[in-house]
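S.K.: With the sequence up front, the predicted model follows.
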Amino acid sequence: MPSARSRPAVRGGEHESDTEFDDTEGILRRQSMRESAARTYARSLPVVPVRAQGMTVEGADGRRYLDCLSGAGTLALGHNHPVVLEAIRALLDSGAPLHVLDLATPVKDAFTTALFETLPRELADHGRIQFCGPAGTDAVEAALKLVRTATGRGGLLAFTGGYHGMTAAALAATGDTAVRGAAGGTVDARVTRLPYPYDYRCPFGVGGEQGAELSARLTESLLDDPKGGIQPPAGMLFEPVQGEGGVIPAPDTWLRRMRDLTAARGIPLIADEVQTGVGRTGAFWAIEHSGVVPDVMVMSKAIGGSLPLAVIVYREELDSWRPGAHAGTFRGNQLAMAAGTATLGYVRRNGLAERAALLGARMLARLRTLAEEHPCVGDVRGRGLMLGVELVDPDTDPGPRGVPPTAPRLAAAVRRAALDRGLIVELGGRDGSVIRLLPPLTITEEQSEAVLDRLADALVAATAVRA
Ligand code: PMP
């Protein structure tokens, strides 16, 4: 019997006969019976992955998929990249301890050096790192504690559409009220919610640079108005490109405005690069596009090379918190650090950020043609290999701002139809109406064409059912 590994690639969604025992149905049934009602991806992706390589995932039933979810943007090098596997194997074989709390090790030392080499000089030369692990939300939590301690202020500036994680302070900074409500979070009166420059659904109804400038002015006036009602902020937390919020890139000029506004008022600027980092947007870190150097950078996902790792790096002047201010048993994941060092090095050496910029621009251009053909595609946007297709209901009155309403059911149907065609995509944005593409930076041109073909087919199929 040929091993599954040696089978030829099949058109996604097709089923190859295989004499291996396939218990896909049983596994999925047991999952739905035993796992929590809070499970997420598992609900919309009835896939039981048993093998994965690069951007291909193979289910227990032999079906193969092109994975544009990439572990929610974690897998910069795709699944099981040889350099990552090699780094993990080498560490396992070396006899080094796998669990070390936050003790110094050669593995951690090498990771720190590799990470600092990627950071803006100002931050690398005068920065401190805190290992927060294991998840992105831990690092957000740490960043907020850090700035609250350093400034002695309690407030926080955060943005509409922002997503920062599921723990208390990160959740409070998250804009999605449904997500916050579902997670048992409440509105934190210390958080001031500011309008993120969302070109397509501009809150000021003008969009573009002008919309972004109005958002900056509102921020400025709230900060300076003694009767503005906001709690003095310990920091401003933002994503350079909002991910879960619906793939919304902030204009560089707006980011520079935020940097100037916060610097002039002594407010630490915190860049949440959990999803945008490690080449994803076409620069190693997304803030590089604008030249902005934040005071704190929050990093996770790709820095661990597919294993859990989360850190913050911040200006040393902020380092006034006490020993143990952000402790945690699992901050020393040696395998993640080794996998992360390998990933950071590979992305740098192979110019994968530049490649993401190039391929992303090409994919975006093709997505634009899709928008021309389908009135239900309201907007396509993105930066590098972080791409979004916002689906709308073109038949409903767009209202005074001239933008049609979201189309959550259509988006879910497209996701399903894509899966049937062997393509894994996720949804995000308002009402889950944005199809998100987060392929690995190693995606080939051929694969990128296949992704777009399958997505176009899925869109046609889903709109046909709806018509
Ligand atoms: N910040 C951003 C920008 C994210 O996209 C995410 C996760 N999607 C988080 C924070 C939280 O990371 P985690 O799920 O690892 O806690």
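M.R.: Sure, I can see it. Residues are numbered from 1 along each chain as shown.
S.K.: ok, and the helix or strand in the protein with the lowest average confidence?
M.R.: helix 177-182 (a mean of 84; mean pLDDT, DSSP states H and E).
S.K.: Alongside the ligand, which residues does the stretch 201-350 of the chain contribute?
M.R.: 239, 243-244, 272, 274-275, 300 (Cβ under 6 Å from any ligand atom). In this view, the C-beta of every residue, glycine as well, is placed from N, C-alpha and C.
S.K.: that older thread, helices or strands next to the least confident helix or strand of the chain in the packing?
M.R.: In this structure, helix 177-182 makes packing contacts with helix 168-173, judged by 3 or more Cβ pairs under 8 Å, 6 or more residues apart in numbering; DSSP states H and E.
S.K.: what's next to the helix it packs on, contact-wise?
M.R.: Helix 168-173 is contacted by residues 137, 140-141, 144-145, 156, 158, 162, 164-165, 179-180, 183, 185-188, 190-191, 237 when judged by Cβ atoms under 8 Å, 6 or more residues apart in numbering.
S.K.: Please save the CA atoms from it in PDB.
M.R.: Taking C-alpha atoms only, helix 168-173 is exported to PDB below (Å, rounded to 0.1, in the frame of the first residue of the first chain):
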ATOM      1  CA  ALA A 168      -9.200  40.100  31.100                       C
ATOM      2  CA  ALA A 169      -7.200  43.200  30.100                       C
ATOM      3  CA  ALA A 170      -6.700  42.000  26.500                       C
ATOM      4  CA  LEU A 171     -10.400  41.200  26.200                       C
ATOM      5  CA  ALA A 172     -11.300  44.600  27.600                       C
ATOM      6  CA  ALA A 173      -9.100  46.200  24.900                       C
END
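S.K.: from the residues of the stretch 201-350 of the chain next to the ligand, which single one is nearest residue 291?
M.R.: residue 239 (17.3 Å; Cβ to Cβ).
S.K.: how distant is the least confident helix or strand of the chain from the center of its chain?
M.R.: On the basis of Cα atoms, centre = their mean, to the nearest Å, helix 177-182 sits 19 Å off its chain's mean C-alpha point.
S.K.: Stretch 336-347 too?
M.R.: On Cα atoms, centre = their mean, the centre of stretch 336-347 falls 18 Å from the chain's centre.
S.K.: so of the contacts of helix 168-173, which ones are in helices?
M.R.: Counted as lying in helices by DSSP state H, out of those, are 137, 140-141, 144-145, 179-180.
S.K.: Quick check: of the residues of the stretch 201-350 of the chain next to the ligand, which has the highest neighbour count?
M.R.: In terms of neighbours by other Cβ atoms under 10 Å, these top out with residue 272 at 32 neighbours.
S.K.: Test my guess that residue 153 contacts residue 233.
M.R.: Yes: counting by Cβ atoms under 8 Å, residue 233 is a contact partner of residue 153 at 6.2 Å.
S.K.: who has more neighbours, those two?
M.R.: Counted by other Cβ under 10 Å, residue 153 and residue 233 do not tie: residue 233 has more neighbours, with 26 against 18.
S.K.: Contacts only, for the more buried one.
M.R.: Per Cβ under 8 Å, 6+ apart, neighbours of residue 233: 153, 155-157, 192, 223, 267.
S.K.: one more time with 6 Å, if that's ok
M.R.: Residue 233 makes contact with 155-157, 267, according to Cβ atoms under 6 Å, 6 or more residues apart in numbering.
S.K.: Identify the residue spatially nearest to it, adjacent ones excluded.
M.R.: residue 155 (4.0 Å; Cβ to Cβ, 6 or more residues apart in numbering).
S.K.: For the one you found, give me its contacts.
M.R.: Residue 155 is in contact with 190, 231-233, counting by Cβ under 6 Å, 6+ apart.
S.K.: Which of these ranks first by neighbour count?
M.R.: residue 233 (26 neighbours).
S.K.: Tell me how far that one lies from residue 141.
M.R.: 17 Å (Cβ to Cβ, to the nearest Å).
S.K.: hmm, back to that, would you list the residues of the stretch 201-350 of the chain next to the ligand in JSON lines and tack on secondary structure and pLDDT?
M.R.: Below are those laid out as JSON lines (DSSP: H, G, I helix; E, B strand; the rest coil; pLDDT from 0 to 100):
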{"residue": "239", "secondary structure": "coil", "pLDDT": "98"}
{"residue": "243", "secondary structure": "coil", "pLDDT": "98"}
{"residue": "244", "secondary structure": "coil", "pLDDT": "97"}
{"residue": "272", "secondary structure": "strand", "pLDDT": "98"}
{"residue": "274", "secondary structure": "coil", "pLDDT": "98"}
{"residue": "275", "secondary structure": "coil", "pLDDT": "98"}
{"residue": "300", "secondary structure": "coil", "pLDDT": "98"}
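S.K.: which one of those sits closest to residue 39?
M.R.: Distances from residue 39 to these, taken by Cβ to Cβ, are shortest for residue 244, at 16.8 Å.
S.K.: Looks like that closest one contacts residue 428 (just checking).
M.R.: Yes: assessed by Cβ atoms under 6 Å, residue 244 is found in contact with residue 428 at 4.9 Å.
S.K.: ok, the residue nearest to residue 233 to the ligand distance?
M.R.: 20 Å (Cβ to the nearest ligand atom, to the nearest Å).
S.K.: That residue and residue 137, how far apart?
M.R.: 20 Å.
S.K.: just residue 125 next, same as before
M.R.: 28 Å.
S.K.: of the two, who's got more company?
M.R.: residue 137 (22 against 10).
S.K.: Tell me if I'm right that that one and residue 174 touch.
M.R.: No: contact criterion Cβ under 6 Å: residue 137 and residue 174 do not qualify, at 9.7 Å.
S.K.: Go ahead and list the helix or strand containing the residue nearest to residue 59 when sequence neighbours are not counted.
M.R.: Using Cβ to Cβ, 6+ apart and skipping residues adjacent in sequence, the residue nearest residue 59 is residue 47, 4.8 Å away. Remark: residue 47 resides in no helix or strand, with elements defined by DSSP states H and E.
S.K.: My guess is residue 47 contacts residue 58. True?
M.R.: No: Residue 47 lies out of contact with residue 58 (Cβ under 6 Å); the separation is 9.2 Å.
S.K.: Which one's more surrounded, those two?
M.R.: residue 58 (23 against 20).
S.K.: quick one: the more buried one is in a strand?
M.R.: Yes: judged by DSSP: H, G, I helix; E, B strand; the rest coil, residue 58 forms part of a strand.
S.K.: Mind pulling the model confidence for it?
M.R.: Reported pLDDT at residue 58 in the predicted model: 98.
S.K.: before we move on, back to that, show me which of the contacts of helix 168-173 are buried.
M.R.: 137, 140-141, 144-145, 156, 158, 162, 164-165, 180, 185, 188, 190-191, 237 (16 or more other Cβ atoms under 10 Å).
S.K.: All good on my end, thank you.
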